[in-house]
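*Asks:* kindly generate the corresponding structure for this input.
(one chain, ligands or ions: 1)
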Amino acid sequence: MKTLPHLFESNRAWAAKVRKADPAFFERLSKQQSPKLLWIGCSDSRVPATEICGLEPGEIFVHRNISNVVVHTDFNCLSVLQFAVDVLHVTDVIVCGHYGCGGIRAALDDKRHGLIDNWLRHIKDVYVQHEGELNDPKLDPEARVNRFCELNVKAQVANLCATTVVQEAWARGDELAIHGWIYGLGDGLLKDLGVCITALDQLPSIYRMKSAKAG
Ligand code: CO
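*Replies:* The predicted structure follows:
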């Protein structure tokens, strides 16, 4: 049996350090979580939501997948979203991509990567919507990847706003803002892409569903 003892050792050291700084920390957190933020980010090991926001355990509810994609048939992501919105009553959902994303890079090439190609297809669809801009010969390859990373975040913000979960929250009158951010691996800084959506009337009309009550 393999046991990874170094991780248990570092875990004990971490827990002791936290307890020393705040003796009631774990007792308080074990009773309940009440995060006001949902983070949908990339699985990349260099982009851990809580740490890069300078927050503590208990402050961000998190869903991560390859290249922070929101797909309306992905019950994993939708379940996280529904729990966060309907039960935890988060006020802000953040889709956060990062520059130099490997998934975005893989979506750009024409190689076969196996099963994941079915996932990357969603990202290739974003490319097609912005083909003119991304095909610009003035863009160097790295700038193309990074611009694609930004456009992917914007597309996923739009996808989130079109979900039943978000639209029902707005129909109930809940305060819920959907943000699009991007993170720089090279400097550790977050950038707001300025695509925040807070209400149904900010969406293209085809995605606006009337509430069931209104008929
Ligand atoms: Co990534």
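*Asks:* residue 191: which element?
*Replies:* Applying DSSP states H and E as the criterion places residue 191 in strand 190-192.
*Asks:* that strand pairs with which strands?
*Replies:* Counting by DSSP bridges, the strands paired with strand 190-192 are strand 177-183 (antiparallel).
*Asks:* average pLDDT for the strand it pairs with?
*Replies:* The average pLDDT for strand 177-183 rounds to 98.
*Asks:* got the contact list for it?
*Replies:* With contact meaning C-beta atoms under 8 Å, 6 or more residues apart in numbering, strand 177-183 is reached by 47, 52, 91-99, 149-150, 153-154, 156-157, 160-161, 166, 189-198. C-beta coordinates here come from the backbone N, C-alpha and C atoms, glycine included.
*Asks:* so how far is residue 190 from the residue nearest the centre of the chain?
*Replies:* With distances taken as C-alpha atoms, centre = their mean, residue 40 lies nearest the centre of the chain, 1.7 Å away. For residue 40, the distance to residue 190 (C-beta to C-beta, to the nearest Å) stands at 14 Å.
*Asks:* now do residue 203
*Replies:* Residue 203 is 25 Å from residue 190, where distance means C-beta to C-beta.
*Asks:* what residues sit buried inside stretch 61-68?
*Replies:* Neighbour-count burial for stretch 61-68, with 16 or more other C-beta atoms under 10 Å as criterion, is recorded at 61, 63-68.
*Asks:* before we move on, what about stretch 101-110?
*Replies:* For stretch 101-110, burial by neighbour count (16+ other C-beta under 10 Å) applies to 101, 103-108.
*Asks:* near the ion, which residues of the chain?
*Replies:* 42, 44, 101 (C-beta under 5 Å from the ion).
*Asks:* run through the strands of the chain in chain order.
*Replies:* With DSSP state E as the criterion, the chain has strands at 37-42, 60-65, 92-98, 177-183, 190-192.
*Asks:* would you reformat the residues of the chain next to the ion as CSV and include pLDDT and distance to residue 113?
*Replies:* Shown next, in CSV, are the residues of the chain next to the ion (pLDDT from 0 to 100; distance: C-beta to C-beta, whole Å):
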residue, pLDDT, distance to residue 113
42, 98, 16
44, 98, 16
101, 98, 14
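*Asks:* which one of those sits closest to residue 76?
*Replies:* Nearest to residue 76 out of the residues of the chain next to the ion is residue 42 (C-beta to C-beta; 14.9 Å).
*Asks:* ok, that closest one touching residue 63?
*Replies:* No. Here residue 42 lies out of contact with residue 63, judged by C-beta atoms under 8 Å, at a distance of 10.7 Å.
*Asks:* mind listing the helices for the protein?
*Replies:* 5-21, 25-31, 49-52, 75-82, 102-108, 116-129, 131-134, 141-161, 164-171 (DSSP state H).
*Asks:* including mean pLDDT and distance to residue 180, could those helices go into TSV?
*Replies:* Output for the helices of the chain, formatted as TSV (pLDDT from 0 to 100; distance: least, C-beta to C-beta, whole Å):
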stretch	mean pLDDT	distance to residue 180
helix 5-21	97	32
helix 25-31	95	29
helix 49-52	98	15
helix 75-82	98	15
helix 102-108	97	15
helix 116-129	97	13
helix 131-134	96	17
helix 141-161	97	4
helix 164-171	96	14
